[in-house]
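Colleague: Coordinates only, no sequence provided:
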């Protein structure tokens, strides 16, 4: 798939980028992204990423204003129904409960909408004083007007955040898998660096990083590795990393100084809770074997390694990191649950978003989502047309990686909002 940098640069003015909770992360760039799938605008055979709209541009759309009015009306209707049903003797408890839940969900949104409307009225009243003959009064009116404008902008940000529904998987932890791709030993060395980058990213956020698998190569790289990552919003912040990562550099094994291109793949699997996902014991085949690879006297002496096969789907998970068979079984089950849950989510998402041309976060192996170019000291995220510099700092898994993920989340939120507005327009039509 050929990618093009978006031709529309984002506005750079104060507070102009659509950001729900990540404005502080945008330092050197303010561009594009997506939710678990990046919607793109197609122009002929090429592909152009859509521009990230500012808050003011979004609120200038009549479709958004209509949608907010719809939310207000729904809130008023539900609140009235709750009050009416509460006084009736023969009321439908299920319907009453559903209305109460809807009122609690819409309450914060409607409150912010009405606060914003109130501030607009204050501005109208204040602007009448700007024509007064008293210079001191005009100055006070101007200060009041600027204050109201700032509050309106903050309320708009808050409203946009409240409009974005929380994805079920966003509340989960995750299982991370990295696998060396094209490029032999160089690909394995890069895979090892990327795995370390994500461990640094987890430490940066205070998450736990528990290695499940770690298959090394002859010269210290990684063939394949997986880890369980747990912490607040861990899946939500990591989901955009899934896909093919490409590296361009002179390998350690290269004697003539030529630049090579290698790849590795990343899979980010949401880890379900016991409540949200159940696996039946009768559907599992559990095999034990002796561990292989580095490990001293423990290796090849005890049957501590565990492989679990989910018979209905053929999905396999294994672990040999621990000396204890019981602990390896627990870790393998965690990985298996994540794989099966991810399959379930992908099936649901494909039904809902079957019009999307690109899937990000669903392990689309054919798409190179990011290039790490060492000679030019740059990292380019092809989904969002964004380039940042300082590869070594990026691979620490701290601020630069956080910046790109913030931008991806912002564009994802905008895409979600556009889908909501599109659905609303279709219903109105």
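Modeller: Here it is on my side, so go on. A quick note: this is a predicted structure, and the numbers were derived from the prediction, not measured. Numbers count the residues shown, from 1 in each chain.
Colleague: which stretch of helix or strand covers residue 101?
Modeller: Element membership of residue 101, judged by DSSP states H and E, is helix 93-127.
Colleague: what does residue 269 give?
Modeller: strand 260-271.
Colleague: How about residues contacting the helix or strand following that strand?
Modeller: Note on strand 260-271: by DSSP H and E, the next helix or strand toward the C-terminus is strand 284-289. Outside of strand 284-289, the residues within contact range by CB atoms under 8 Å, 6 or more residues apart in numbering are 303, 304, 305, 306, 307, 308, 309, 310, 311, 325, 329. From N, CA and C alone the C-beta is placed, and that goes for glycine too.
Colleague: Check the contact between residue 208 and residue 202; I expect there is one.
Modeller: Yes. At 7.3 Å, residue 208 counts as touching residue 202 under the criterion of CB atoms under 8 Å.
Colleague: Now do the shared contacts for those two.
Modeller: Both residue 208 and residue 202 are in contact with 229, 231, where contact means CB under 8 Å, 6+ apart.
Colleague: Could you check which of the two has the larger neighbour count?
Modeller: residue 202 (22 against 13; other CB atoms under 10 Å).
Colleague: ok so, going back, list the buried residues of the strand holding residue 269.
Modeller: Buried residues in strand 260-271, counting neighbours by 16 or more other CB atoms under 10 Å, are found at 260, 262, 263, 264, 265, 266, 267, 268, 269, 270, 271.
Colleague: I'd like the average pLDDT over it.
Modeller: When pLDDT is averaged over strand 260-271, the result is 90.
Colleague: In its sheet, which strands sit next to it, and in what direction?
Modeller: strand 173-180 (antiparallel), strand 243-249 (antiparallel) (DSSP bridges).
Colleague: any idea which of the ones you listed is most buried?
Modeller: Most buried of the strands paired with strand 260-271, by mean neighbour count (mean count of other CB atoms under 10 Å): strand 173-180, with a mean of 25.
Colleague: now the helix or strand just after it and strand 260-271, what's the angle there?
Modeller: Going down the chain from strand 173-180, the next helix or strand is helix 184-205, by DSSP H and E. Orientation check (axes from the mean of the first three to the mean of the last three CA atoms, to 10 degrees): helix 184-205 against strand 260-271 gives 40 degrees.
Colleague: Tell me the buried residues in helix 184-205?
Modeller: Neighbour-count burial for helix 184-205 flags 185-195, 197-202, 205 (criterion: 16+ other CB under 10 Å).
Colleague: Could you do stretch 313-329 as well?
Modeller: Neighbour-count burial for stretch 313-329 flags 317, 318, 319, 320, 321, 322, 325, 328, 329 (criterion: 16+ other CB under 10 Å).
Colleague: got a pLDDT number for the closest residue to the last one other than its chain neighbours?
Modeller: In this structure, residue 329 finds its nearest non-sequential neighbour in residue 306, 4.6 Å apart by CB to CB, 6 or more residues apart in numbering. pLDDT for residue 306: 89.
Colleague: quick one: which helix or strand includes residue 306?
Modeller: Per DSSP H and E, residue 306 falls inside strand 305-310.
Colleague: Check for me that residue 339 belongs to a helix.
Modeller: Yes. Assessed with DSSP: H, G, I helix; E, B strand; the rest coil, residue 339 lies in a helix.
Colleague: excluding its backbone neighbours, what's nearest it?
Modeller: Excluding the flanking residues, the one nearest residue 339 by CB to CB, 6+ apart is residue 315, at 5.1 Å.
Colleague: so that neighbour sits right up against residue 342, yeah?
Modeller: No. Using CB under 8 Å, residue 315 makes no contact with residue 342, being 9.8 Å away.
Colleague: where exactly do the helices run in the stretch 251-400 of the chain?
Modeller: 325-352, 391-394, 399-428 (DSSP state H, counting those that start in this stretch).
Colleague: least reliable of the ones you listed going by mean pLDDT?
Modeller: Lowest mean pLDDT of those: helix 325-352, a mean of 78.
Colleague: in terms of contact count, name the helices or strands touching it.
Modeller: Other helices and strands packing on helix 325-352, by 3 or more CB pairs under 8 Å, 6 or more residues apart in numbering; DSSP states H and E, are strand 173-180, strand 208-216, strand 222-230, strand 260-271, strand 305-310, strand 315-319.
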